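Student: the sequence and its predicted three-dimensional model are supplied below.
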Amino acid sequence: MAHLQLDLEPLETEALSLHPEHLTPQQYLDFCAANPDVRIERSVSGEIIIMAPAHSRTGIQNAAITAQVTQWAQADGTGLAFDSSAGFDLPDGSNRAPDASWVLKSRLAQLSEEQKQDFLPLCPDFVIELRSQSDRLPALKTKMSEYIQNGARLGWLIDPSDRTVYVYRPNAAEQVQSSPNTISADPELPGFTLDLTPVWNPGL
């Protein structure tokens with residue numbers, strides 16, 4: 001998704017004004033809570049990334065992706081799907097919000113109720129990032145590699161601009177699929193196949 005990197009000036013009257021190097025985990029949580037209408041991420045270096053609203057076309061594409069992941073997850077029953085508003089505290093200290101993700105219920109069961117109320121302290125098993133027109137591809141590729149390094153078992157970077165999907169798995173080179181109509185998540189997500197038709201042709 002498109003994003004704008006800013007020094008932390010107040011975003012609204014009640015927002016915190018903190019510089020990244022001074023931001024503790026609790027202060028980051030407070031900052032996010034004070035700005036509920038803003039999508040925020042924190043990099044492993046502590047840089048705060050303020051996410052700009054998605055363009056309408058990107059919103060349609062992302063909705064189509066999330067709907068398919070959610071439908072499969074509900075039918076499969078072994079995990080839960082999350083949309084782009086869900087943030088995760090990754091093991092490397094960063095906080096990321098993939099455009100769509102999925103986590104095994106067996107991993108969620110190991111968390112306390114208190115942990116479940118905040119950013120989940122784990123990396124999803126499966127992550128999807130959707131490139132918008134203003135996203136830099138190298139930065140997104142780096143982000144995908146970070147997901148894998150933090151424990152993701154499968155990651156897809158979907159680039160509608162040239163109808164390309166970049167596939168990431170642990171201990172494997174990046175795979176590139178050009179103009180696929182569908183893409184399978186087997187064996188990590190058995191039986192899940194993403195229909196890319198509404199992503200390549202969102203109707204807007």
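Tutor: The structure has been received and is ready for your questions. Numbering: from 1, shown residues only.

Student: which one is the residue most central in space within the chain nearest to, not counting chain neighbours?
Tutor: Nearest to the mean C-alpha position of the chain, by CA atoms, centre = their mean, lies Pro98 at 0.3 Å. By the measure of CB to CB, 6 or more residues apart in numbering, the closest residue to Pro98 outside its immediate chain neighbours is Val127, 4.1 Å from it. Placement of C-beta: from N, CA and C, glycine included.

Student: the helix or strand hosting the one you found - which strands sit beside it in the sheet, and in what orientation?
Tutor: Here Val127, judged by DSSP states H and E, is contained in strand 126-130. According to DSSP bridges, strand 126-130 forms sheet pairs with strand 100-104 (antiparallel), strand 154-159 (parallel).

Student: that older thread, quick one: contacts for the residue nearest to the centre of the chain?
Tutor: In this structure, Pro98 makes contact with Phe82, Ser84, Ala86, Phe88, Pro124, Val127, Ile128, Glu129, Tyr147, judged by CB atoms under 8 Å, 6 or more residues apart in numbering.

Student: what's the distance between it and Trp200?
Tutor: According to CB to CB, to the nearest Å, Pro98 and Trp200 sit 20 Å apart.

Student: and Ala75, by the same measure?
Tutor: Ala75 is 24 Å from Trp200, by CB to CB.
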